[in-house]
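**Student:** curious how this folds, go ahead:
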Amino acid sequence: MSRGALVDVAFWLFGGGSVVAAWLVFRTDSMVRAAYWLLASFAGVGVVMVLLNARFLGLVLVLMMAGEMTIMAVFMVMFMMNPAGLNPMTMVHQHRQAKIAGVVAFAGLALVGVVAEFPDRPADPDGEPTAELGRELLGDSMLLFETAGVTLLATMIGSIAIASKRGRYGDAEDGSAPPPLALS
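**Tutor:** This is a model prediction of the structure:
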């Protein structure tokens, strides 16, 4: 089998796997499992981007989504009312409207993909594409992104401190319980 044929097979496997994983996000009954199915879907899309020679964007997508979905799962385990975010729950509300919105969004995006005429601007062969992409994506916002990263780190540390043995409602070994809903 030629290299091109292997790339084609990998493209269809990872593309199809991404669609299936995205569908499973809404079929699972656990927030944590949904987060990791979403990670699997984005990872498949990242591999497809690598196969299409958008290596930098594909690898950045996988890296960002791995971190984001892991953080999301940790927050859900710490703050969900059900233990570990694994108890059954409904992932979709307003089923009919959600299905209609999904079909309309898919049809609209598919129509744009088929009908629109996309620009053809080849990259400068002497240019530095990674540096140019970084300037295009971040521009003058590097300080903002660095500040957001430090803020997220502080939030994670604070969340761990809140969810520690002491917990949000007192010492866990003393039978901590949430405060009553009615004011006394």
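**Student:** what is the least confident helix or strand in the protein?
**Tutor:** Least confident element among the helices and strands of the chain, by mean pLDDT, DSSP states H and E: helix 129-138 (a mean of 76).
**Student:** so which elements touch the helix or strand following that helix?
**Tutor:** As assigned by DSSP states H and E, the chain's next helix or strand after helix 129-138 is helix 142-162. Judged by 3 or more C-beta pairs under 8 Å, 6 or more residues apart in numbering; DSSP states H and E, helix 142-162 is in contact with helix 55-79. Yep, even glycine has a C-beta here, placed from its N, CA and C like the rest.
**Student:** which parts of the helix it packs on are buried?
**Tutor:** Gly58, Leu61, Val62, Met65, Met69, Met72, Ala73, Val74, Phe75, Met76, Val77, Met78 (16 or more other C-beta atoms under 10 Å).
**Student:** pretty sure the second one sits against Val48.
**Tutor:** No: the pair Leu61 / Val48 is not scored as a contact, 9.7 Å apart, by C-beta atoms under 8 Å.
**Student:** can you give me the pLDDT of the residue sitting nearest the centre point of the chain?
**Tutor:** Geometric centre of the chain, nearest residue: Met65, 4.6 Å, by C-alpha atoms, centre = their mean. At Met65, the model reports a pLDDT of 87.
**Student:** how about it: what's its closest non-neighbour residue?
**Tutor:** Spatial nearest neighbour of Met65, excluding adjacent residues (C-beta to C-beta, 6 or more residues apart in numbering): Phe42 at 3.9 Å.
**Student:** what's the burial count for that neighbour?
**Tutor:** 20 (other C-beta atoms under 10 Å).
**Student:** same question, the one 5 residues further on
**Tutor:** Other residues near Val47 number 21, with proximity taken as other C-beta under 10 Å.
**Student:** got the domain boundaries for this structure?
**Tutor:** Listed by automatic domain parsing, the domain ranges of the chain are 1-91, 131-170.
**Student:** pLDDT below threshold where in this structure?
**Tutor:** Low-confidence segments of the chain, defined by pLDDT under 70: 80-92, 163-180, 183-184.
**Student:** could you look up the SS state of Pro122?
**Tutor:** coil (DSSP: H, G, I helix; E, B strand; the rest coil).
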